[in-house]
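Take this sequence and fold it.
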Amino acid sequence: IPTLIVLDPQGEVITRQGRVEVLNDEDCREFPWHPKPVLELSDSNAAQLNEGPCLVLFVDSEDDGESEAAKQLIQPIAEKIIAKYKAKEEEAPLLFFVAGEDDMTDSLRDYTNLPEAAPLLTILDMSARAKYVMDVEEITPAIVEAFVNDFLAEKLKPEPI
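Residues are numbered from 1 along each chain as shown. Purely as a prediction, here's the structure:
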């Protein structure tokens with residue numbers, strides 16, 4: 001598959017997803033496509049799920065504004081993690097996604113054997129064939145942050161995919 005990697009003037013990688021970005025932003029309005037802390041899971045960016053552990057917050061997207069509210073909920077945590085690792089000149093250990101209701105999300109739930117519940121907070125590590133599921137009634141920033149910190153500290157028990 002052709003790959004387009006976008007570099008800054010110093011030769012540092014801005015994004016390894018240039019091909020996807022061009023396809024999604026044909027007018028290049030968001031060029032040079034600095035990574036967003038939280039992505040809405042779609043067919044075009046789903047391949048990133050295979051690159052390493054990903055926090056995925058599944059929501060009922062038929063409820064107008066729920067996807068946006070979910071992004072706002074996890075964005076500060078994603079930004080904090082990204083900044084922490086950038087300061088150490090390391091790549092962030094997690095990608096962050098919000099997943100609505102569509103065929104691709106249904107396929108992902110089926111493949112990973114996840115319940116149809118929404119909201120559902122998960123960390124999926126396709127390369128390790130492992131999943132971590134936070135089973136709570138309400139998802140708050142504190143719950144998301146604790147879940148992420150426990151994952152990074154290797155305190156969570158993985159379930160097989």
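
from here on, contacts and neighbour counts on C-alpha atoms
Fine.

Okay, helices next: where are they in this structure?
With DSSP state H as the criterion, the chain has helices at 18-24, 66-87, 103-112, 141-152.

Confidence-wise, which of those helices is weakest overall?
Among these, helix 18-24 carries the lowest mean pLDDT, a mean of 83.

now that one, how far from the centre of its chain.
Mean-position distance between helix 18-24 and its chain equals 17 Å (C-alpha atoms, centre = their mean, to the nearest Å).

And for it, what's in contact with it?
Under the criterion C-alpha atoms under 8 Å, 6 or more residues apart in numbering, residues 2-6, 28, 33, 44-45 lie in contact with helix 18-24.

what comes up buried for that helix?
For helix 18-24, burial by neighbour count (16 or more other C-alpha atoms under 10 Å) applies to 18-19, 21-22.

For it, list the C-alpha coordinates in PDB.
Taking C-alpha atoms only, helix 18-24 is exported to PDB below (Å, rounded to 0.1, in the frame of the first residue of the first chain):
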ATOM      1  CA  GLY A  18      -0.300  11.300   5.000                       C
ATOM      2  CA  ARG A  19      -2.100   9.200   2.500                       C
ATOM      3  CA  VAL A  20      -5.200   8.900   4.700                       C
ATOM      4  CA  GLU A  21      -5.000  12.700   5.400                       C
ATOM      5  CA  VAL A  22      -4.900  13.600   1.700                       C
ATOM      6  CA  LEU A  23      -7.900  11.400   1.000                       C
ATOM      7  CA  ASN A  24      -9.900  13.000   3.800                       C
END
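
Domain-wise, how is this protein divided?
1-35, 37-160 (the TED database).

Just to check, residue 86 is in contact with residue 80?
No: under the criterion of C-alpha atoms under 8 Å, residue 86 is not in contact with residue 80, lying 9.8 Å apart.

re earlier: which one of the domains of the chain is the most hemmed in?
Among these, domain 37-160 has the highest mean neighbour count (mean count of other C-alpha atoms under 10 Å), at a mean of 16.
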